[in-house]
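> Attaching a predicted model along with its sequence, questions to come.
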Number of protein chains: 2
Amino acid sequence: MSERQRGPRERMVFSAAQLIRRDGVNATGMREVAAHAGAPRGSLQHYFPGGKEQLVGEAVAWAGRYAGARIGRFVEGLSGPTPGALFAAMAAQWTEEYERDGFVTGCPVAAATVDRAASDEVTRAAVAAAFTAWRTPLAEALTAMGVPADRSADLATLMISTLEGAILMARAEQNVRPLTAVVRELGPLLDAAVTRPA
Amino acid sequence: MSERQRGPRERMVFSAAQLIRRDGVNATGMREVAAHAGAPRGSLQHYFPGGKEQLVGEAVAWAGRYAGARIGRFVEGLSGPTPGALFAAMAAQWTEEYERDGFVTGCPVAAATVDRAASDEVTRAAVAAAFTAWRTPLAEALTAMGVPADRSADLATLMISTLEGAILMARAEQNVRPLTAVVRELGPLLDAAVTRPA
DNA sequence: GGCCGACTATGACAGTGGTCATAGTAGCGA
DNA sequence: TCGCTACTATGACCACTGTCATAGTCGGCC
């Protein structure tokens, strides 16, 4: 989650995503984002003339691209590339973060959905796009692993749904148990969907 | 979701849950809750001297009890009581609501988790308790259906996680597809966990 | 009646939110 | 040096938040 932070604009988008991850959209102030990014307050209206809606939208889009790009790196890192192993790797990213830093943050896309889906159509569309940016490469990876093409999309949805829910429960319980439980139960089931070994 | 609404106090807790479901915790004002419940503003400090923290906590607890109690009614309504059928019934509650009323609301427990887990320890504990109040009867129902006792808790966690995530994605996409997809994929897998037919 | 508790009704307060307006500065090409 | 653009820096605005304080009303009980 730590990238090269070039311009102040990128830093602000990144900071917005981090703060939204922790406190939600509504509790994240624009001034707070600027301060967190070490950027001047005046830059907000300069880089984001569309206001908070624009900033949140870009933060969500960034998170979606990040999650999608991460899929490829997970697949590369697997010794035996199976759907269950991929799912375990996706979940492990969270268990490791939680065990290292505590249960402070969640998924920014989920936070934006909860806080904005009913009130802000622009952000809602951005969230939908973020999920698509995540699901599409995941489904492609499943197909490459031998999952029938007509099931890849559904299984990708299942994996993301389960992971999002497990993140939520882990934060609530302050325990990685939900994450390990879903990996233990869902992993083998995902592997059983492979009909043509890769 | 429509109960007999007796006193103004219960109405306010119920209204709080409804508004949190739609807009999140931070975007739901105390005045708004009172107005939605048709209760006088002054009753807020009278019934909830602990302030918003108390009101949110009670709304979350109510939602947890509701979800837990609902499990029993789902099981009763099933012609063939299998884990997959139970999961389908749980998801159907949401698809029906979304198709009837639009994708306006989500799960209040999830909303409270996103908005308060990092900032308010009291509410975070209430959310954890709500998930437990949901998971426990679900796990018992699975055991009664023939799922091995040592897997019931994990499978209950898997079902709730997946459902929560699918709700999230359905709201984001404004489409029930994620809900139908996870039911289609996860249902048969859940049924396969039954070793001793009920 | 008189009293007291439960509840209702407002008004005010301090704090914060996003946003706008305006002014200042730094760098650079001509 | 001029002028232009990109960016920074503040201050102010209004709306709204949760909370508190105070006063009013209602109903039943001695």
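Noted; the coordinates are in hand. Numbering: from 1, shown residues only, chains lettered A, B, ... in the order given.
> what sits against the residue of chain A at minimum distance from DNA strand C?
Among the residues of chain A, A:Gly51 lies closest to DNA strand C, at 2.6 Å counting by CB to the nearest atom of the strand. Bear in mind the C-beta positions are built from the backbone N, C-alpha and C, glycine included. Neighbour list for A:Gly51: A:30, A:45 [criterion: CB atoms under 8 Å, 6 or more residues apart in numbering or on different chains].
> for it, phi and psi?
Backbone torsions of A:Gly51, given as degrees, to the nearest 10, read phi 80, psi -160.
> What of A:Phe103?
Main-chain dihedrals, A:Phe103, degrees, to the nearest 10: phi -90, psi 60.
> Please name the residues that touch it.
Contacts here follow CB under 8 Å, 6+ apart; on that basis A:Phe103 touches A:170-171, A:174-175, B:117.
> one more time with 6 Å
With contacts defined as CB atoms under 6 Å, 6 or more residues apart in numbering or on different chains, A:Phe103 is in contact with A:171, A:174.
> and chain A, which residues reach chain B?
Applying CB under 6 Å from any CB of the partner chain, we find that chain A lies next to chain B at A:22-24, A:26-27, A:104, A:110-111, A:113-115, A:117-118, A:127-128, A:131, A:154-155, A:157-158, A:161-162, A:164-166, A:168-169, A:171-173, A:178, A:181-182, A:185, A:189.
> out of those residues, which are buried?
The neighbour-count test (16 or more other CB atoms under 10 Å in any protein chain shown) marks A:22-24, A:26-27, A:110-111, A:113-115, A:117-118, A:127-128, A:131, A:154-155, A:157-158, A:161-162, A:164-166, A:168-169, A:171-173, A:178, A:181-182, A:185, A:189 as buried among those.
> Please narrow the residues you listed to those residing in helices.
Counting by DSSP state H, these place A:22-23, A:110-111, A:113-115, A:127-128, A:131, A:154-155, A:157-158, A:161-162, A:164-166, A:168-169, A:171-173, A:178, A:181-182, A:185, A:189 in helices.
> re the thing from before, pLDDT wise, what is the residue of chain A closest to DNA strand C at?
You'll see A:Gly51 listed with a pLDDT of 95.
> what's the neighbour count on A:Arg70?
A:Arg70 is flanked by 17 other residues according to other CB atoms under 10 Å in any protein chain shown.
> Quick check: buried residues in the helix or strand bottoming out on mean pLDDT in chain A?
In chain A, no helix or strand scores lower on mean pLDDT, DSSP states H and E than helix A:42-47, which sits at a mean of 94. Within helix A:42-47, the residues that count as buried by 16+ other CB under 10 Å are A:43-44, A:47.
> of the ones in helices among the buried ones among the residues of chain A next to chain B, list those near DNA strand C.
Among those, no residue is within reach of DNA strand C (CB under 7 Å from any atom of the strand).
> Which strands or helices does the strand or helix carrying A:Ala35 pack on?
Assessed by DSSP states H and E, A:Ala35 sits inside helix A:30-36. Judged by 3 or more CB pairs under 6 Å, 6 or more residues apart in numbering or on different chains; DSSP states H and E, helix A:30-36 is in contact with helix A:8-23.
> May I see the buried residues of the helix it packs on?
Burial within helix A:8-23, assessed by neighbour count using 16+ other CB under 10 Å, is assigned to A:8, A:10-23.
> Nearest to chain B among the residues you listed?
A:Arg22 (4.8 Å; CB to the nearest CB).
> what's the spacing between the closest one and DNA strand D?
19 Å (CB to the nearest atom of the strand, to the nearest Å).
> Can you give me the neighbour number for A:Gly106?
Using other CB under 10 Å, A:Gly106 has 26 neighbouring residues.
> Ramachandran coordinates for it?
A:Gly106 adopts backbone torsions of phi -130, psi -160, taken as degrees, to the nearest 10.
> Return the residues in contact with A:Gly57.
A:Gly57 makes contacts with A:123, A:126, as judged by CB under 6 Å, 6+ apart.
> What's the separation between it and A:Arg135?
Between A:Gly57 and A:Arg135 the distance is 19 Å, computed by CB to CB, to the nearest Å.
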